[in-house]
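**Q** I would like to see how this sequence folds:
(2 chains)
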Amino acid sequence: MEMIGHLLASDGNKKIQRLHVMPQLRMAVAFLTILLCALSANAFFTLSIIAVLLVRLAAMSPEEIAVILKRLLLPVAFTFLLMLPSVFLGHPGTMITVTMKVFESMLVLGILNSDLSWKEITGSLASFRLPGVIVLTLDTAVRFLVILGRFADRMAEAVSLRRVGKKNWRNAGTGGILGTTFLKSGQMAERNAEAMRCRCFAGTWKNHSKTKPGRADFFYFLLIPLLIAWYIYT
Amino acid sequence: MLELRHVSFHYKNTDTAALDDISIRFEDGRCYCIEGPNGCGKSTLFRILLGLDFADSGSYLFNGREVTQKSMRSEEFSRELHRKTGFLFQDSEIQLFTDSVEHEIMFGPEQLGLPDEEVQSLTEKYLKTFGLLEIRDRAPFNISGGEKKRTALAAVCAMKPEVLILDEPLAGLDEEGQEWLIRFMHRLKEQHHLLIIATHNRALASEMADIHVRMDRHHRIISVTEADHRTPAPDVFSGTSAMETKF
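**A** Okay, the predicted model is just below:
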């Protein structure tokens, strides 16, 4: 439900972006950062990127920082535990490097997710030559997640309201909630397809998320050669 | 314009009929209110009228041409049927599928292959008409029930249908939304659109109907009667809503 809440809060009407940079450019830079860090054999490169990202993180509101760090915690801790045996095998550096890379990747994604709404993310996919109908499918999938999430939440509330006496309705109701949500998703998909047919859906959909590059985009674009140059240098 | 002749329909794996020997002719420029208990077959009737399901026996004629599984395979024919018959679901949320209110309205005209300028001007017109300008960039799943209903209706109307099929149109609307929608439906009637409304709301039926169609639990039409008394459009809307009702 936390994720659904985030999706709702990041509705496209709200201008979440602090810098007016094209979402596709942000995604490209984020992807490149993750890729270069993954390829890098030099810990200094990863550390320098983390340092820049932490500066960026510090510029965000405390609530946003808390959300991003909370999401980081589990994958980083999991990687740390997974890599722990390498210390006993005499390769402590491996554990630190891999954990750092996971931390960096999650931080990049967290900041990106905080800066862009889901609409901007799916919309920007069209710039990567993805057909409009795929973007529409992704949008529909996100929308269904939200609607079904609400539906399941309402059912869970209804079950907890009926939870009286010794019988644990919460446990007994979980299977029912999952099953009903699954059936509901099938019905919704069917109705949705019919609604599209009723509006003459011909199998194609033009993506309308068009943005014109501005001055900020130019400066942001410079990050790409800079990152590559820094990667080669280090 | 739409005519059903002795239409019967069964859902797969069931013995009971969902529609039993239905015969009715829906004339242009009139408003038909279909009333009956839950499960009497109103939704099934609508699915047949929209070419989503097909009669087991009998025939359904759209502009004199029979609607069958075979005829609906013709892209030209199915497109004509769906362009001319707009459908508003009872739960509007399910019929909204794009990423913003604006794109939702654009969807139909674009699918019809209209030029970009025309699509844009139609979209602006319907955003304004339905009072959706302020929420044009919002995701349709994240707006209120009334706004969803207006968005769905705007999206349907942007295709300029001649027939509007409305399933419980007032469901989930607050008083102001209901008043607006009733006024809007009156405007459609004045413009000689064919309206087919399924409703349990007797006040709405007596307000809107030219013809009352009553169905029973046995999935049959038991009466088709001309409305003998029609009240004029209520004047309660003047000045209560900033939304226009021109269509």
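**Q** before we move on, what SS does the nearest residue to residue B:204 once chain neighbours are set aside have?
**A** Distances taken as C-beta to C-beta, 6 or more residues apart in numbering or on different chains place residue B:170 nearest to residue B:204, at 5.9 Å, with adjacent residues excluded. To be clear about C-beta, it is placed using only N, CA and C from the backbone, and glycine gets the same treatment. Classification of residue B:170 using DSSP: H, G, I helix; E, B strand; the rest coil returns coil.
**Q** Run a quick neighbour tally on residue B:170.
**A** Residue B:170 has 20 neighbouring residues, counting by other C-beta atoms under 10 Å in any protein chain shown.
**Q** what about stretch B:66-79, start to end distance?
**A** Start and end residues of stretch B:66-79 are separated by 14 Å (C-alpha to C-alpha, to the nearest Å).
**Q** Can you list the buried residues in that stretch?
**A** B:67, B:71-72, B:77-79 (16 or more other C-beta atoms under 10 Å in any protein chain shown).
**Q** quick one on the thing from earlier: contacting residues for the residue nearest to residue B:204?
**A** Listed by C-beta atoms under 8 Å, 6 or more residues apart in numbering or on different chains, the contact partners of residue B:170 are B:178, B:181-182, B:199, B:201, B:204.
**Q** Give me the pLDDT for it.
**A** Note on residue B:170: pLDDT of 90.
**Q** Then residue A:27?
**A** 85.
**Q** Tell me the helix or strand right after the helix or strand harbouring it.
**A** Using DSSP states H and E, residue A:27 sits in helix A:23-39. For helix A:23-39, the succeeding helix or strand toward the C-terminus, using DSSP H and E, is helix A:43-58.
**Q** okay, now the domains of chain A?
**A** When chain A is parsed with automatic domain parsing, its domains come out as A:22-126+A:209-233, A:132-198.
**Q** Those domains: lowest mean pLDDT?
**A** domain A:132-198 (a mean of 80).
**Q** which ones are touching residue B:28?
**A** B:1, B:162, B:192, B:194.
**Q** does it count as helix, strand or coil?
**A** Residue B:28 is classified as coil under three-state DSSP.
**Q** Among the contacts of residue B:170, which one lies nearest to residue B:140?
**A** Residue B:140 has its nearest neighbour among the contacts of residue B:170 in residue B:181, at 17.7 Å by C-beta to C-beta.
**Q** Enumerate every residue touching residue B:157.
**A** Residue B:157 touches B:86, B:126, B:129-130, B:164, B:247, counting by C-beta under 8 Å, 6+ apart.
**Q** nearest residue to the residue of chain A found nearest chain B other than its sequence neighbours?
**A** Of all residues in chain A, the one sitting closest to chain B is residue A:195 (3.7 Å; C-beta to the nearest C-beta). In this structure, residue A:195 finds its nearest non-sequential neighbour in residue B:95, 3.7 Å apart by C-beta to C-beta, 6+ apart.
**Q** Would you check that the one you found makes contact with residue A:197?
**A** No. Between residue B:95 and residue A:197 there is no contact under C-beta atoms under 8 Å: 10.8 Å.
**Q** And these two? Which one has more around it.
**A** The residue with more neighbours, out of residue B:95 and residue A:197, is residue B:95; 24 against 15, by other C-beta under 10 Å.
**Q** Backbone torsions only: list them for the more buried one.
**A** Dihedral pair for residue B:95: phi -100, psi 10, per degrees, to the nearest 10.
**Q** so where's chain B uncertain?
**A** B:229-247 (pLDDT under 70).
**Q** Checking the residue minimising distance to the centre of chain B next. Helix, strand or coil?
**A** Residue closest to the average C-alpha location in chain B (C-alpha atoms, centre = their mean): residue B:165, at 2.2 Å. Recorded secondary structure, residue B:165: strand (three-state DSSP).
**Q** Could you tell me how many residues sit around residue A:79?
**A** Residue A:79: 18 neighbours (other C-beta under 10 Å).
**Q** so which helix or strand takes in it?
**A** helix A:62-83.
**Q** what do you get for residue B:21?
**A** strand B:17-26.
**Q** and if you look at residue A:150?
**A** helix A:132-161.
**Q** That helix: how far from the chain's middle?
**A** 16 Å (C-alpha atoms, centre = their mean, to the nearest Å).
**Q** go on, stretch B:83-103?
**A** 11 Å.
**Q** Pull out the CA atoms of that stretch and give them to me as PDB.
**A** What follows is stretch B:83-103, C-alpha atoms only, in PDB (Å, rounded to 0.1, in the frame of the first residue of the first chain):
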ATOM      1  CA  ARG B  83     -18.200   5.000 -33.500                       C
ATOM      2  CA  LYS B  84     -21.900   5.500 -33.600                       C
ATOM      3  CA  THR B  85     -22.800   3.800 -30.400                       C
ATOM      4  CA  GLY B  86     -21.100   5.200 -27.300                       C
ATOM      5  CA  PHE B  87     -21.300   3.300 -24.000                       C
ATOM      6  CA  LEU B  88     -20.900   4.600 -20.500                       C
ATOM      7  CA  PHE B  89     -20.200   1.800 -18.100                       C
ATOM      8  CA  GLN B  90     -21.800   1.800 -14.600                       C
ATOM      9  CA  ASP B  91     -18.300   1.700 -13.100                       C
ATOM     10  CA  SER B  92     -16.500   4.400 -15.200                       C
ATOM     11  CA  GLU B  93     -13.200   3.600 -13.700                       C
ATOM     12  CA  ILE B  94     -12.900   0.400 -15.800                       C
ATOM     13  CA  GLN B  95     -13.300   2.200 -19.100                       C
ATOM     14  CA  LEU B  96     -10.500   4.700 -18.500                       C
ATOM     15  CA  PHE B  97      -7.200   3.300 -19.600                       C
ATOM     16  CA  THR B  98      -4.700   6.000 -20.600                       C
ATOM     17  CA  ASP B  99      -2.300   8.000 -18.500                       C
ATOM     18  CA  SER B 100      -4.200  11.300 -18.400                       C
ATOM     19  CA  VAL B 101      -7.700  12.800 -18.700                       C
ATOM     20  CA  GLU B 102      -6.600  14.600 -21.900                       C
ATOM     21  CA  HIS B 103      -5.200  11.500 -23.500                       C
END
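**Q** what's the neighbour count on residue A:35?
**A** For residue A:35, using other C-beta under 10 Å, the count is 13.
**Q** quick one: it and residue A:29, what's the gap?
**A** 11 Å (C-beta to C-beta, to the nearest Å).
**Q** That'll do, ta.
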